[in-house]
Each structure stands twice: as structure tokens, then as C-alpha cells.
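Undergrad: Quick one, structure for this:
(2 chains)
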Amino acid sequence: MTAPSRIRNFSIIAHIDHGKSTLADRLLERTGAISEREMRDQVLDEMDIERERGITIKANAVRIDYTALSGETYQLNLIDTPGHVDFSYEVSRSLEACEGALLVVDASQGVEAQTLANAYLAIEEGLEVIPVVNKIDLPAADPDRAAEELASVLGGSADEVIRVSAKTGIGIDELLEAIVERLPEPEGNSKGPLRALVFDSFYDTYRGVVSHIRVVDGSIAKREAVRFMATHLDVEVDELGIRRPAGEVVDRLEAGEVGYLITGVKEIDLIRVGDTVTDTDDPTPVALPGYQEPKPMVFSGLFPTDGDDFERLREALEKLRLNDSSLVYQAETSRALGFGFRVGFLGLLHMEIVRERLEREYGLDLVATAPSVAYLANLASGEQVPVRSPQDLPDASVLESIEEPYVKVMIITPSEYIGTVMELVQQRRGTMGEMTYLSPERAEIHYRVPLAEIVFDFFDQLKSRTRGYASLDYEPDGYQVSELVRVNILLNGIPVDAFSTIVHRDKAYTYGKAMVNRLRELIPRQLFDVPIQAAIGTRIISRETIKAKRKDVTAKCYGGDITRKRKLLERQKEGKRRMKMVGQVEVPQEAFVAALKLET
Amino acid sequence: MSTGYRIPDTEYSVSPDSVELAEQARSWKSAYVHIPFCAQRCPYCDFAVVAADEPGGDEAARYVEAILAEIAMEDTPFPLDAVNFGGGTPTRVDASDLGRILGALDQRFGIADDAEVSIEANPEDWSPTYGDALLSAGFNRVSFGVQSFDPVVLNSLGRTHSPDEAESAVRAARESGFDTVNLDLIYGAPAETNDSWSATVDRALGLGPDHLSAYALTVEGGTALSRAIRGGAPSPDPDVQADRYEYVDAAARAAGFVRYEVSNWARPGRACLYNLSTWMMGEFLAFGTGAHDYRDGARGRNIRRLDAYLSKVESGERPRSGSERLDDFESERERFMVGLRLAAGVALGSIGGPFVECFDGGRLLDAGIVRVDGDRVVVERPLLTDLVARSVLSVSPGDC
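TA: Purely as a prediction, here's the structure:
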């Protein structure tokens, strides 16, 4: 057993592209946890989608043995966390398993909003933060400026900032020393009743649910009876282990240690991230800070292009949920799209990832409808009902008011773009709060904005208007009554539920017009004229017509050409397979995501 | 072999869109000879051609010998009801050489006395003496690449002849005594206007041709035209092309022509036998670069590159680059899809029934785009023929 004084548990907090995974790779390599030969980029990111997008979605934990300059050998547990705002719940769980964090910023980019948000989260959790400036070898690097910013944000001195290049290895030795010197040892009662935090879990086809745990008090051993407190589940420990990063079975995990736990449980719902594991025979009276239900922020309809694939979609969602307990869904029927599911996501990135995994890993061909946030409808009767899809909106005759979710937004931007950012937020119905300067060149601005205004393209707009320099983080900030209306889109006179949207009254006309125009571009010409209308209730606010197709024929067909012509038609036919019949109108899949890309 | 063809086993004045004629054409045998040489490469053309200033552009004499050799190598000869020389520009080659090729075909396969022997011609190559020479060599049908009578449009199409040259070539061919004179027109080029098109059609019909082909300008991949459009040049507008099509169709009908295929009109008795036969899955042989043949249920093709073709033939080998044998279902499907292009419609066969019963087929019937006439399916809106043909692909082998 390792004495707590020789254990250090830490996370790395960094913005996307600031080099978190590379730094983790380098720490593993420098301590000999992994040989150069086994090295590949992003060792800890196991999902294809993580490696392709260069992001971390699931948390991961790896144990490193490090012999310090003092000659003492330490057990370092690196807990890898997601960097994206969509996954902030997972971040908070991971941070709870640590005593320290490395706050990494790119020497040429400086502090970013999400990094800062996660750093504040770490400080709130009582973690010791080591500021690190990475990529100091790059020509555009300005390590002094980045160090000053970090010091100003964390309230320390620029001298405490460790300067590294994860790519070349500069400064890694110094960083390892700082980890053992500056980060506190785990506290906890090694004798007390077992308390271990589940900070992530995933589903393995052969082993069932595998949980990453951090033992806080007591110890856990193989074949002991343990209890998951939130779900009152009593089970036996099948296997305990650590990752180095290859898996290694151990008999026991002691207070302060991090490892994985397998119990043979197959239902991921029974083992919740954030839950406390205790000893069935000697349970703790006090669970660790409790489990929170992840709250989906964005909802979208997912429908199979081929109606026969509905059951396959259900199975795929079930399987995906085994690994992603934040995924919520319920069956939904659309007049236009048939049977599908209303799926709740943590954010747009989460939505994209889920959709991509469903298509890639389960071979499904899906139509996704425009994402929507969760509204609340106040009825004349005094009742309040949730509205997760525009179709759920009760009839105007019984509707008293509609509330929409708001978020607190933090934006960090170079000072020269403050005006631009303000203008953007104003267009999105935001109100400004506090503004502070991190340095003369960079400001941190706080806003309150309706969630619906930022979930779709706000981030892209912010990036493009500030040449990529501004960064963003947000957190929920309650509900508020707004002047909202549902804009219906009628195709050939028939309302298409998949296209209807709830928007602010002031934006309804612009939205309707833009949507109608976009659909006119995206829907190919049909056998007959197809009117497209936008309407609020019975009032038409915009109208366009897709003229009937007049010419669709190869001009010249000669003998030698016949097989080639048939093959060309077959290819064109393949393209048409991705169309969905809505009434008598063939609608391509892109039309269903049109609202997502709409510039209004 | 005589000059003057008639449609085998039918009345000479049979209507070009007659069902009997179409069904008859299935049994005709024909041959295609490809002459790849051109004065220059037209910006819209994606055929196997060699322009005069490109490597091999001066190899006509060597090419004629290769064609003769290829004909001699043909091992499954059958007597020919129709022969067609296309290109490229066949009239870039001396009439005497074309006559030698025709003679070789006759000697090897036998060309029926009343066969249609057709050649594609560029107006600027034509002279009364050239025409007379072709006529005495055995050609009895000439098809002129007139394209337009508007100099602006001709220029935009990269054509170097003038409207007057086209007119005098057509008159000369008439005077020489060709049985059938066809004019090829292209419509819908961005430089064309409604007025220039109607003037072109009127002037073409005014010359009294027996046959008229009008093709929508089509942007083929890999051509100078498609590159220009990618670079921002205007592309043909399908609605404008539909207007132009409707104009030529009405004008041709008023002048006594009958439309018998999407893009082809003829006076009674003057349908193009070669084309009808290939559309009806009649067998045909093919000689020259990039030429395709069809026989014994297989489609074959020749090497497309001139130098590769020449060296293959000169080393005594058949210049084949590949072939594809169609299974029963594929060949039935091709028969049906191509047959849809004919005004006579296409016999239901084994695929037609399932097609009109299927979802897509039903929609097309309801919309009046196709109709069932006895045991045939007829496309009522020829401009939507590909849309109909794509729907045929919904029918799978198990349905028939």
C-alpha cells in the first residue's frame, strides 16, 4: 500500500487545442508509464470520435509511478477530463476525485473562457491549481503574457507558472516536481468506513459496467460486499484494477487511490456517476456530495430515413445510453417523418457526437430535426407543462405565457472586439453584466442570454466575428417569461411538424422568411408546383413556390451510351434514396437541418 | 448495295413513331464506324476525338488502314441493315477512304440493298464534289452538324462554320441526291435567345430536311464547358431549354414532322434506322476508337486513345478495352428504360407491369407523365423521361 503522503491525484484543465492530451502523453512517456514504441497521440482518448475530433468526451484515469528528485517514489493519478462546455458535469465529477489540477493554456492564445470556467470550478472544489503555459516552443508564443494572465486569474505570481512544451518535452521534469511539491496529499480516513466516489463509468460488452472510482475513506477489496448508495444496490466486488494505461488487476484500493471497479452489474442506470460506494456491512452514514441528474439542454428529433429502421434506432440508443447516462430520449411520432425519438442532449456538440456515433457505429441513416431548448408553458388553468418540441406547445386559447431557459454567459475577448461581441449578444437578446479586464488587452464579460439564442450558431458567430480569439462558457440561470411564438412551415399546404420552431415574436418574420427561402433552395423541384409558407397560427408571414420540374432528360442517347446512361441514372437514384416523402413532396435530409444553419 | 434505302419489310411512308416500326427495328443489324478526327475540339464535346493540333491529329491515313484491319478481324459477321459513320468528324477523311471502309464492310458482312448508310458531316467540310463522291461510294443519308444559324451562338459553341456555309452544304447535299438529309441543332446555349432559336429552327425547317435532331446543350464532366462553368460562366438553364424544346417540337410538327424519340423528328418514312435499331436493343458492330458494340447480350467497347488503338490493331490484335454481359434482368431493364425515349412507347415486357404497379410508377401515372396504352408504356412528357427511367430502378428482379 502507498501512504497517502506519496499519492497525488490531479486533472489537467485545458481549452481544446491547448495541448491537454499531448501533455498527458508526455507525462506518461517521461515517467516510463508507456514506452516510446507504444506511444501514439492521445493515448487516453480511446473512442475513434475523440481521436478524430481531438477532444476528450469520457473521463479516464491512469496511474503513473514517479521517482522524484528527492529519491521518493510517488503514485500519481492523472484523471483525464473532457474540455468542452457540454460535458461540464463530467468535469465536475472528475475534479471531485482530485486534490489538484494543472491549468494549461496555450502560450500564443492565453486564457480561454471554458478553461477559466473549469479553473473556477476547480478552485471552488478546493483544488490546488498549478498554472502551466504550454507550447512555449512555437514562434507565435508569448509565454510572459500568458503567464501574467494566469497569475491575474488565479491571484498568484507569474513566477509560479510552469513553462513547458508538451511537444518537445521542455519543462516536463519541472512540472513533475511541482506536482509532488505543490499538490496536497489526499486527505481521508484510511481506517473509516469505505467511501468511494464514482466519477465515471462505462459499459463493456463482456464485463458490464466498469466504474472509475476514487477511494476517499477506508479501503475496498476484491469479493467484498459494497453498496451504491443512491440506488441502494448491494453487490460484490468482482474485480478491482488500475490503468497504467494498460489495465492491471489489484486486490485492494486504499484511501486516496484511484482505480476501476467491476461488479458484474449490467444496467448503467444502477451505477450513477457521482454516487458513493460504501461497505454493505459497515456503511458510512454520510454519502459524498450527491449525484446530480444531468440536465439535457437541447432537444432534437431523430428519425430513421428508412421507417423500417425504427427498432434498430431504439436498440442503438439503448446501447449508447449504456455508456452515456446523460442521453435521454422518448419515442416521438412526426406526421412528416414517421416514428422516431425526441432526444435530449447536453449541448450541440453532444448532439453532433451522438448522431455521428449512431450513424457510424450502428450504420443508421438518420434525419435530425432542428434542435430546440426546453420551454415551460404556463396554462390558464395555472398548470405548468414542459415543452421539449414545438409540437408540444399547447393551443393559444389555453396558453397564458411561455417561459424560456436563460444562461449566464462568460466571454473572454481581446479588448478590440468588445464592441463586436456586445453587438452580437445584443442581437441575441442578451443583457450585459459585469466586465473585468484580465490584462489591458483582454476582457472578461458576463451576460445573461436566452439559451435558445446561443445553442445553435452563437459559438461559430462569436469565433468568426472575433477572428477566433474570443472564447465562451455558459451555465444555466433559470427561466423567464418571453414573447414567444411558434412558426409553422407548410409544404404544399400541409404543416410540417419537423420544420416548426418556437422563436421570439420579434424574430418570427425574419425567421419565417429565411426558412422558406432556404427550403426553396434545398427542396428539389417536383412533379408539380409546391408552395412553401411560414405561418403563425393561421396568419401566413412568408411564401415561396418551388416551380414544377420541367426538364429531366438526357438530350442524346446513342448505342454505345446505353449502359453508361443506366449507371448514371442508378447513381442519381441512390442520391434520391436519401429523400423523405412528406405528403407528396420529396424532401432531402439537408432540409431538416436547415434551421440549424439558418442565418437570421 | 444501291443508293436509296427503304425501311425493311414495311411501307416506305410508315410514320416514324409507329409501334410496328419500332418493334421491327429490334431485329435489324447495324454497324458503327467512328472517325475521331476534328478540326478543333468543341468546348462541350466529350466524345473520343482528336483535334488537328493534337498528337495523332494527322494520322487519318493510318487510322483508315486500322479500321480496315479491324473489320477484317471481326469474326462474327452478320448482314447489315444500317451503317452509320460518326465521330469526331467523318468528313475530315477523304471520300475515297470512307468509300474503302464502306466497301470493306459490304465485302465482309454484306450491306442490304435497301440499307440506310449514314454519315455525320460538318458543313465547312462539304462541297458538291465531296457530296457526289460520298453518294457514289454508297452513302445515302447525311447528317449535318448545323447546331445553330446564329453566328453568336455558333461562336459560343466553338463552331467555325458560318450560317451561310451550313445552308449551302444542305442545299448541295439535296442537289447531289441524298435520300435523307438530317440537321443536328443544339439549343439552350447561354448565348442563345428565344429569337435566335426560333430563327434557327425556322431557317432549318425552311431548308426542307427529312429529319431533324435537336439536342439540349449538356454540360459533360471534363469538358472545357464544364471548366468554364466552374469558373463562373453561365450554365444552361433547364427551364429555358424546356421552352426551346417546346418551340422546336411545335414548329417541326407544323412542318409535317413526327417526333419519334425525345430529341428526334422525321418525315414519314425517314426515321433513322440505325438509331431506332440501337434504341430497340438491335445488335450492332462497332469499329474505331472508343466505339461500343452490342451483340449476344453483351456490350463491348474499344480502346479510346488513338495511339493505343492504332498500336493494338497494328500488332494484329482486337482493340477491345472491355465488355459487360448483362443478365436477363439488367437487359430487360435497359430495354425498358431506353424504350421510354421512343414516342411509340415501350412494350411492358416483364418489368413494365411491376413498374406501373409500384409506388413511383403510380405517382407518374396519376400525374399524367406516363400512360399505359394497351401493352405499352408511353411517356407523355418527353422532357421528364429520365425522371421516369429512374423510377424504373425501383423495380427489383424479385418483382418481375
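Undergrad: Relative to A:Ile64, how far out is the residue of chain B found nearest chain A?
TA: When scored by CB to the nearest CB, chain B has B:His292 as its residue closest to chain A, at 2.8 Å. All C-beta spots, glycine's among them, are computed from the backbone N, C-alpha and C. Per CB to CB, to the nearest Å, B:His292 is found 68 Å from A:Ile64.
Undergrad: Is chain B within reach of the top helix by length along chain A?
TA: Longest helix of chain A, by residue count under DSSP state H: helix A:505-522. No: Helix A:505-522 is not in contact with chain B by CB under 8 Å from any CB of the partner chain; minimum separation 14.9 Å.
Undergrad: Following element in sequence after that helix, please.
TA: Next helix or strand after helix A:505-522 toward the C-terminus (DSSP states H and E): strand A:530-536.
Undergrad: that older thread, in the longest helix of chain A, which of the residues would be classed as buried?
TA: Neighbour-count burial for helix A:505-522, counted by 16 or more other CB atoms under 10 Å in any protein chain shown, picks out A:507-509, A:511-519, A:522.
Undergrad: next one: stretch B:129-137
TA: B:Tyr130, B:Gly131, B:Asp132, B:Ala133, B:Leu134, B:Leu135, B:Ala137.
Undergrad: likewise stretch B:237-246?
TA: For stretch B:237-246, a neighbour-count test (16+ other CB under 10 Å) marks B:Pro238, B:Val240, B:Gln241, B:Ala242, B:Asp243, B:Arg244, B:Tyr245 as buried.
Undergrad: how far is that stretch from where the chain is centred?
TA: 21 Å (CA atoms, centre = their mean, to the nearest Å).
Undergrad: what does that stretch contact?
TA: By CB atoms under 8 Å, 6 or more residues apart in numbering or on different chains, the residues outside stretch B:237-246 that reach it are A:547, A:550-552, B:187-188, B:190, B:192, B:194, B:197, B:214, B:216-217, B:383.
Undergrad: Output the set of residues of chain A in proximity to chain B.
TA: A:527-528, A:547, A:549-563, A:565-566, A:569-570, A:572-573, A:576, A:584.
Undergrad: circling back: need the buried residues of helix A:505-522 in TSV (columns: pLDDT and distance to B:Val395).
TA: Output for those, formatted as TSV (pLDDT from 0 to 100; distance: CB to CB, whole Å):
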residue	pLDDT	distance to B:Val395
A:Lys507	90	47
A:Ala508	94	46
A:Tyr509	94	46
A:Tyr511	90	42
A:Gly512	93	41
A:Lys513	94	42
A:Ala514	91	40
A:Met515	91	36
A:Val516	94	36
A:Asn517	93	37
A:Arg518	90	34
A:Leu519	92	31
A:Leu522	90	28
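Undergrad: Contacts for whichever strand or helix holds A:Ala316, please.
TA: For A:Ala316, the host element (DSSP H and E) is helix A:310-323. Contacting residues not belonging to helix A:310-323 are listed as A:58, A:202-203, A:209, A:268, A:302, A:304, A:327, A:329, A:331, A:338-341, A:343, A:354, A:357-358, A:361-362, A:364, A:366 [CB under 8 Å, 6+ apart].
Undergrad: from these, which ones fall inside helices?
TA: A:Val354, A:Arg357, A:Leu358, A:Glu361, A:Tyr362.
Undergrad: Tell me the spacing between the fourth one and A:Phe592.
TA: The reference is to A:Glu361. Noted for A:Glu361: a distance of 21 Å to A:Phe592, by CB to CB.
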